[in-house]
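Participant: Predicted structure and sequence below. I'll ask about it afterward.
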Amino acid sequence: MSDNAESPTETQKCDPSTTQQPTEDSGTTDEKKKIDVLLKAVGDTPIMKTKKWSVEKGRTVQSLSQFISRFLKMEPNEQLFIYVNQSFSPSPDQEVGVLFECFGSDGKLVLHYCKSQAWG
Amino acid sequence: MVFFGCNSAFFLFQTGRVVFLPKSSILVSSDHMPFSQSSSGPSKCSLANLRRTWTCTGLSRGTRLALQDLSPCRRSVLLMVAFVTLVPALCRSFTRSPSVVLVIILTPRGEILRGAPDQVFFLWVLYVFHFLIIAPTVDFFTLSCLPIADSVFHGEQCDKHHNSLLLLPRVSYLTLVTDKVKKHFLKVMKAEDVEEIWFEYEGTPLKWHYPIGLLFDLHASNTSLPWSITVHFKNFPERDLLHCPCNSVIEAHFMSSIKEADALKHKSQVINDMQKKDHKQLWMGLQNDKFDQFWAINRKLMEYPTEEGGFRYIPFRIYLTMSDRPFIQKLFRPISPDGHTHTLGDLLKEVYPVAIASDDEAKRYQVVIHGIEPLLETPLQWLSEHLSHPDNFLHISVIPAPSD
């Protein structure tokens, strides 16, 4: 099952897939395209009841991180670390669409989340 | 070069016997091999010996005569000043290491002072000269030879502009290299007005996590140097910039970029095989601008199995000034399935064909890496190995071509 993420919408960004008019920035159905994200907990971080989410390509890692923190009802001072491929932590302003294109497998992007640094 | 030659000759002489003229407190190199052995009495250094020494250092006759006319004390001081000013200046051209300079400076000290009537006094004089000359030299060494963007920082909230001029390395990050700027402006600001520092150019907040050279190419490549950046200490633009409270944040971002690049190049195998101290060495090499220290580890990240012909995928990001999205990043192989080497042109045709002008139209865009426009025929694998930033990514800017 996959639900839509509920956080406030981001400003719409251009679809990063190859197009012949890269300056076009509104009105196409491509913009609404979503990717599947699988969220996995690391260590003793609470596990989310819903792990699979359908996320807009233009969402940033930071907004996803804030969403997870709210979902898990974490304290404001607690940090959340997101990892791709169990190896690196993407920059908070990175788009999930780009991560999916480069590091997605089996049609989804697997992200690990943790309250403390897991892979440095 | 000639002058350097004569100064190095001076070193050789200094390692020989140095004897004081009995009445004058002159510091003289007397042991010039072919001459001194044949000259009279090693204990007395005559003026004739001095003359021969100067002959070998290549000074003109006029200079020699002028030197002879100086009183001995002035002569010795002049010799010391010449020695400690010229040598670092010449060494600076040939070595970047302050410790090498110090070794060279300090070596003849014993020879200079041997036989001096008042060793303690001259030792102090010599040390004072060393300090005055070497201190700024060492500071000079810590500045990179890479800088391309000169930046003039204007202060805000000051009654008059307080400007700070700095040479910034293209490959580093703004918040890593601007400690001096911060200190400079903090002197003229009230403590309660100071929050997190951030930078802006012509209304655009500058992302500190982009390399400085990339920021310059994207925003200001067609302007004249120095690049004028405004420093702010208030009203941090939360929507546009990431916070950078300390250097460890920059280090974490830098290491993550390297790991992401290696995930594309080698499925993270090379970076995961390295020890923590190797990762630290990459960061320290960047932070302290130590090329050799950095590349001792980075070269392993640039290797690939011979049978593959290149990396698995090339880590690249194409930045556009005319688009909302931050950058284009996709999977792209350096070698095609039929063994043909991909070039920069092939990459652009695949991911951003607008950048390449067709034959019959004028060039609208420039494709810039590190401030230069590489030929589109350049192999992408080569670009990745040699023109990547320290974070192992090829940061490519596509900017409008200047209209003539």
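Facilitator: Arrived safely.
Participant: Now chain A against chain B: closest residue?
Facilitator: Ranked by Cβ to the nearest Cβ, the top residue of chain A for proximity to chain B is A:F88, at 3.6 Å. All C-beta atoms are positioned from the backbone trio N, CA, C, and that covers glycine.
Participant: what does stretch B:371-380 rub up against?
Facilitator: Stretch B:371-380 is contacted from outside by B:148, B:170, B:213, B:216-217, B:221, B:314, B:316, B:332, B:334, B:341-348, B:356, B:366-367, B:383, B:387, using Cβ atoms under 8 Å, 6 or more residues apart in numbering or on different chains.
Participant: Close to chain A: what parts of chain B are there?
Facilitator: Near chain A, the residues belonging to chain B are B:207, B:209, B:242, B:252-253, B:255-257, B:259-260, B:263-264, B:268, B:271-272, B:276, B:279, B:313, B:320, B:322-331, B:350-354 when assessed by Cβ under 8 Å from any Cβ of the partner chain.
Participant: From these, keep the buried residues only.
Facilitator: When neighbours are counted using 16 or more other Cβ atoms under 10 Å in any protein chain shown, the residues of chain B next to chain A contain these buried positions: B:207, B:209, B:252-253, B:255-257, B:259-260, B:263-264, B:268, B:271, B:279, B:313, B:320, B:323, B:325-330, B:351-352, B:354.
Participant: and those, which of them are in helices?
Facilitator: Using DSSP state H, the members of those that fall in helices are B:A252, B:H253, B:M255, B:S256, B:S257, B:K259, B:E260, B:A263, B:L264, B:I271, B:H279, B:V351.
Participant: could I get those residues as TSV with pLDDT and distance to B:T306?
Facilitator: Below are these laid out as TSV (pLDDT from 0 to 100; distance: Cβ to Cβ, whole Å):
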residue	pLDDT	distance to B:T306
B:A252	94	34
B:H253	95	33
B:M255	96	28
B:S256	96	29
B:S257	96	27
B:K259	96	24
B:E260	96	25
B:A263	96	21
B:L264	96	19
B:I271	94	20
B:H279	95	26
B:V351	94	28
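Participant: Which member of the residues you listed is positioned nearest chain A?
Facilitator: Within these, the smallest distance to chain A is 3.6 Å, found for B:K259 (Cβ to the nearest Cβ).
Participant: Give me the phi and psi for the closest residue to that closest one other than its chain neighbours.
Facilitator: For B:K259, the nearest residue in space outside its immediate sequence neighbours is A:F88; the separation is 3.6 Å by Cβ to Cβ, 6 or more residues apart in numbering or on different chains. Recorded main-chain torsions at A:F88 are phi -130, psi 160, according to degrees, to the nearest 10.
Participant: Scan the helices and strands of chain A for the one with the lowest mean pLDDT.
Facilitator: None of the helices or strands of chain A scores lower by mean pLDDT, DSSP states H and E than strand A:3-4, at a mean of 42.
Participant: Please name the residues that touch B:L331.
Facilitator: Counting by Cβ under 8 Å, 6+ apart, the residues that B:L331 touches are A:E101, A:C102, B:L264, B:Y313.
Participant: which strands and helices sit next to whichever strand or helix holds the first one?
Facilitator: Assigned by DSSP states H and E, A:E101 belongs to helix A:96-103. Using 3 or more Cβ pairs under 8 Å, 6 or more residues apart in numbering or on different chains; DSSP states H and E, the elements in contact with helix A:96-103 are strand A:34-41, strand A:52-56, helix A:61-71, strand A:108-114.
Participant: In JSON lines: these, plus distance to B:V194.
Facilitator: Conversion of these to JSON lines gives the following (distance: least, Cβ to Cβ, whole Å):
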{"stretch": "strand A:34-41", "distance to B:V194": "39"}
{"stretch": "strand A:52-56", "distance to B:V194": "38"}
{"stretch": "helix A:61-71", "distance to B:V194": "25"}
{"stretch": "strand A:108-114", "distance to B:V194": "34"}
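Participant: okay, and for chain A, where does confidence drop off?
Facilitator: Low-confidence segments of chain A, defined by pLDDT under 70: A:1-32, A:120.
Participant: and if you look at the stretch 51-200 of chain B?
Facilitator: Within the stretch 51-200 of chain B, the stretches falling below the threshold (pLDDT under 70) are B:51-73, B:75-77, B:83-117, B:130, B:133-162.
Participant: Which residue does it have closest to chain A?
Facilitator: Nearest residue of the stretch 51-200 of chain B to chain A (Cβ to the nearest Cβ) works out as B:Y173 at 12.3 Å.
Participant: Please enumerate the strands of the stretch 151-300 of chain B.
Facilitator: B:164-168, B:198-201, B:204-205, B:227-232 (DSSP state E, counting those that start in this stretch).
Participant: gap between B:R312 and B:L166?
Facilitator: Separation of B:R312 from B:L166 (Cβ to Cβ, to the nearest Å) stands at 39 Å.
Participant: just B:L174 next, same as before
Facilitator: Shown here: B:L174 relative to B:L166, a distance of 11 Å by Cβ to Cβ.
Participant: what about these two, which has more around it?
Facilitator: Legend: neighbour count by other Cβ atoms under 10 Å in any protein chain shown for B:L174 and B:L166, higher for B:L174 (24 against 18).
Participant: Check whether that one really touches B:L214, as I assumed.
Facilitator: No. B:L174 sits out of contact with B:L214 when judged by Cβ atoms under 8 Å, with a separation of 10.9 Å.
Participant: Find the residues that touch each one of the two.
Facilitator: The contact lists of B:L174 and B:L214 share no entry, where a contact means Cβ under 8 Å, 6+ apart.
Participant: Please tell me I have it right and B:P402 contacts B:K363.
Facilitator: No. Proximity of B:P402 to B:K363 does not meet the contact threshold set by Cβ under 8 Å, at 10.2 Å.
Participant: quick one, which of the two is more surrounded?
Facilitator: Taking neighbours as other Cβ under 10 Å, B:P402 and B:K363 compare with B:K363 leading, 11 against 8.
Participant: Nearest residue to that one in space, please, no chain neighbours.
Facilitator: Excluding its sequence neighbours, the residue lying closest to B:K363 (Cβ to Cβ, 6+ apart) is B:A357, at 4.5 Å.
Participant: got a list of what that neighbour touches?
Facilitator: B:K363, B:R364, B:Y365 are the contacts of B:A357 under Cβ under 8 Å, 6+ apart.
Participant: From those residues, which one has the minimum pLDDT?
Facilitator: When the contacts of B:A357 are compared on pLDDT, B:K363 comes out lowest, with 85.
Participant: gap between that residue and chain A?
Facilitator: As for B:K363, its distance to chain A is 17 Å (criterion: Cβ to the nearest Cβ, to the nearest Å).
Participant: Secondary structure of the residue nearest to B:K363: a strand, I assume?
Facilitator: No. Read with DSSP: H, G, I helix; E, B strand; the rest coil, B:A357 is coil and lies in no strand.
Participant: confidence score at the residue nearest to B:N392 when sequence neighbours are not counted?
Facilitator: In space, not counting the residues next to it along the chain, B:N392 is nearest to B:A261; the distance is 3.5 Å by Cβ to Cβ, 6+ apart. The predicted local confidence for B:A261 comes out at a pLDDT of 97.
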